[in-house]
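1. coords please:
(one chain, ligands or ions: 1)
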Amino acid sequence: MRIGVVTFPGSLDDGDAARAVRLAGADAVRLWHGDPDLHNVDAVVLPGGFSYGDYLRCGAIARFAPAMESIIDAARGGLPVLGICNGFQILCEAHLLPGALTRNQHLHFRNRDQWLRVESADTAWTNTFQPGQEILIPVKNGEGCYVADQRTLDALEAEGRVVARYIRGNPNGSQRDIAAVTNEAGNVVGIMPHPEHAVEALTGPSLDGLGFFTSVLRALAGATAGASHAGGHQ
Ligand SMILES: NC(=O)CC[C@H](N)C(=O)O
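-> Numbers count the residues shown, from 1 in each chain. Okay, here's the model as predicted:
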C-alpha cells in the first residue's frame with residue numbers, strides 16, 4: 001500500500017509521519033504541496049507543523065495548496081485522509097471536517113503526553129482499536145481548542161463521529177473534550193495529538209500511535225478484497 005505524506009512549507013512532522021507509515025508496513029510516498037498529482041497513493045496523511053507559517057489562521061492558506069485541491073476531491077470520493085494537528089486544522093479549513101481549531105483557552109502552547117479515550121473504532125484510521133480503549137500519545141499545539149456550534153456537536157455525538165476524547169485533563173479547552181472527529185463516511189479523520197510520535201519505544205511514551213497507521217492498511221485491504229469480490233460477480 002502507498003500512503004502519501006504531504007509536505008507544506010513549514011511542515012514539521014512529515015518525516016515522523018512517513019516513518020510511522022513505514023513502521024506500520026506501508027510505502028511512504030512524499031507529496032509536495034505545490035504538486036496536484038497524488039501519485040496513485042491509497043491514502044494521505046496531512047502532518048503537523050506550521051504550514052505557511054500559520055499566517056492568517058492555522059491551515060487557512062494550506063487549504064488552497066494545489067495538492068489539497070486534489071486531496072479534497074479524492075477525500076469526497078472516499079480516499080482515507082488523516083490530518084494530524086496542523087493537518088486537522090487544514091481539514092477543518094477545507095470543510096472536510098466540521099468545526100474549527102482555535103487558540104488554546106489558556107493561551108499557552110501545550111506540549112505533553114496526553115491520555116485519550118478512543119470513542120469510535122468505526123473509521124478508516126481507528127478500526128484496530130477497541131471503543132473505550134485508553135491510549136497515551138503526545139500533544140503539542142497552540143491552537144488546538146476544538147469548537148463548533150451546539151447543533152454540530154450534538155450531531156457529531158449522535159452520529160458517533162467523535163473519534164477520541166481527552167481524559168485525565170483537557171490540554172486546550174476543547175469543547176466536550178474532543179480530540180478527534182471524523183466525517184460522515186469515516187474516511188477522513190482529524191486528530192489534535194500526534195500518533196506518529198508514539199510508534200517506537202525509543203522515542204514515544206507508548207506504541208499506541210501505530211494503531212492509526214495499521215488501521216488504514218486494514219481498511220484498504222478490506223476495500224481491495226471487497227472490490228475484487230464485486231469484480232468476480234461481473
Ligand atoms: N504541532 C502542530 O502541528 C502545531 C499546529 C499549529 N501550528 C498550532 O500551533 O496549533
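2. what residue ranges in this protein score low on pLDDT?
-> 226-234 (pLDDT under 70).
3. For it, what lies in contact range of the ligand?
-> 48-50, 54, 58, 85-86, 140-144 (C-beta under 6 Å from any ligand atom). C-beta: built from backbone N, CA, C; applies to glycine.
4. hmm, try it at 5 Å
-> Counting by C-beta under 5 Å from any ligand atom, the residues of the chain lying close to the ligand are 48, 50, 54, 58, 85-86, 140-143.
5. Need the residues you listed in CSV (columns: neighbour count and secondary structure).
-> Converted to CSV, the residues of the chain next to the ligand look like this (neighbours: other C-beta atoms under 10 Å; DSSP: H, G, I helix; E, B strand; the rest coil):
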residue, neighbour count, secondary structure
Gly48, 27, coil
Phe50, 17, coil
Asp54, 18, helix
Cys58, 28, coil
Cys85, 29, coil
Asn86, 28, helix
Lys140, 19, strand
Asn141, 23, strand
Gly142, 17, coil
Glu143, 19, coil
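6. Pick out whichever of the residues you listed sits closest to Val6.
-> Asn86 (10.5 Å; C-beta to C-beta).
7. Now for the closest one: which residues touch it?
-> 11-12, 46-51, 54, 58-59, 62 (C-beta atoms under 8 Å, 6 or more residues apart in numbering).
8. quick check, nearest of the residues of the chain next to the ligand to Pro36?
-> Distances from Pro36 to the residues of the chain next to the ligand, taken by C-beta to C-beta, are shortest for Asn86, at 20.0 Å.
9. ok, that closest one to Gly186 distance?
-> In this structure, Asn86 and Gly186 are 22 Å apart, going by C-beta to C-beta, to the nearest Å.
10. Please apply the same query to Thr128.
-> 14 Å.
11. cool, Tyr52 as well?
-> For Tyr52, the distance to Gly186 - C-beta to C-beta - is 29 Å.
12. again with Arg103
-> 29 Å.
13. ok, those two, which is more surrounded?
-> The neighbour count for Arg103 versus Gly186, taken as other C-beta atoms under 10 Å, is higher for Gly186 (20 against 16).
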